[in-house]
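S.K.: Give me the fold of what follows.
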Amino acid sequence: MPSRELPPPPPPAHLREWLDESVVRADRARFLAELSRCGLSLRRLALLWAVAAAFALGWAFAGLAVASFEAGDAVRSLFGVVYAAFALGVLVPAGIWFGRGARRERYEHELLCAWVGAGREPVADPALRAPIRGLVWLAASLALGACGLWVAFAAAAGSRPGVTPYGQVFGLVGLGMILWITGLLGAAKAATHHRWTARATRPAPAPAPADRRTLSDLAA
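M.R.: Numbers count the residues shown, from 1 in each chain. This next block holds a predicted model:
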């Protein structure tokens, strides 16, 4: 599946009754496999971390700007204006990039839920779990989040009023929060994948028992 193309949503239930069931089941299996592979791929994890790196770079420029303004002299303040412009030039595109990715992720999840509800495949659906990829996402995200929390708390705890520059604390705490939020998003992605695959592999509900009442029972 090309990176910018997504499969169509499943046909409505009243139309599926008129379609070939084998075709619908084949489309469901193919689209779910493609969406699962794309959504939980290492490429998608690298893109998430690339967005986080862009935010970290922009925040580093913001920290330099704060440190320059904190110095108080005219030359350093001029550098602070330049650093602030660089920060905006990095953070604004990173925010737009993140927003577009979030909208795509939400639409992909809606497609996954829609195709999961289109039927059951007891043989093919268990392969959608992808436990190794899910563990890679979860382990990498937890490690990144833990690193971010350590950086943020260490910077805040190690600061000394009047000694530690405010720009340094501002930059390190912000960097730690960016890493922590990125790890949280990755862990949430792995948990969401596990939740919908559990829904996909859940056995279909048993049909309701037929009404066996006789004509004499109805007459009574």
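
S.K.: what about the longest helix in the chain?
M.R.: If you go by DSSP state H, the chain has its longest helix at helix 74-116.

S.K.: what sits against the residue most central in space within the chain?
M.R.: With distances taken as CA atoms, centre = their mean, the chain has K189 as the residue nearest its mean C-alpha position (4.5 Å). With contact set as CB atoms under 8 Å, 6 or more residues apart in numbering, K189 has these partners: 39-40, 48, 105, 137, 141. Just so you know, the C-beta spots here come from the backbone N, C-alpha and C atoms, and that holds for glycine as well.

S.K.: Those residues in helices, which ones?
M.R.: 39, 48, 105, 137, 141.

S.K.: least confident pick among those residues?
M.R.: Looking at the ones in helices among the contacts of K189 by pLDDT, the weakest one is G39, with 80.

S.K.: mean confidence for stretch 82-97?
M.R.: 94.

S.K.: Mind listing what's buried along that stretch?
M.R.: By neighbour count on 16 or more other CB atoms under 10 Å, the buried set for stretch 82-97 is 83-84, 86-87, 90-91, 94.

S.K.: Any chance you could list what contacts that stretch?
M.R.: Stretch 82-97 is contacted from outside by 51, 54-55, 57-59, 61-62, 64-65, 68, using CB under 8 Å, 6+ apart.

S.K.: Run the chain-centre distance for that stretch.
M.R.: Its chain's C-alpha centre and that of stretch 82-97 lie 22 Å apart, by CA atoms, centre = their mean, to the nearest Å.

S.K.: And stretch 133-141, by the same measure?
M.R.: 12 Å.

S.K.: Likewise for stretch 58-74?
M.R.: How far stretch 58-74 lies from its chain's middle: 32 Å, per CA atoms, centre = their mean.

S.K.: And for that stretch, what's in contact with it?
M.R.: Outside stretch 58-74, the residues that touch it by CB under 8 Å, 6+ apart are 76-77, 79-81, 83-84, 86-91, 94, 165-168, 170-172, 174-175, 178.

S.K.: 10 Å instead?
M.R.: 75-95, 165-175, 177-178 (CB atoms under 10 Å, 6 or more residues apart in numbering).

S.K.: got it, and stretch 154-168?
M.R.: Outside of stretch 154-168, the residues within contact range by CB under 10 Å, 6+ apart are 62-71, 80, 83, 169-176.

S.K.: Swap in 6 Å and give it another go.
M.R.: With CB atoms under 6 Å, 6 or more residues apart in numbering as the test, stretch 154-168 has contacts from 63, 66-67, 70, 169, 172-173.
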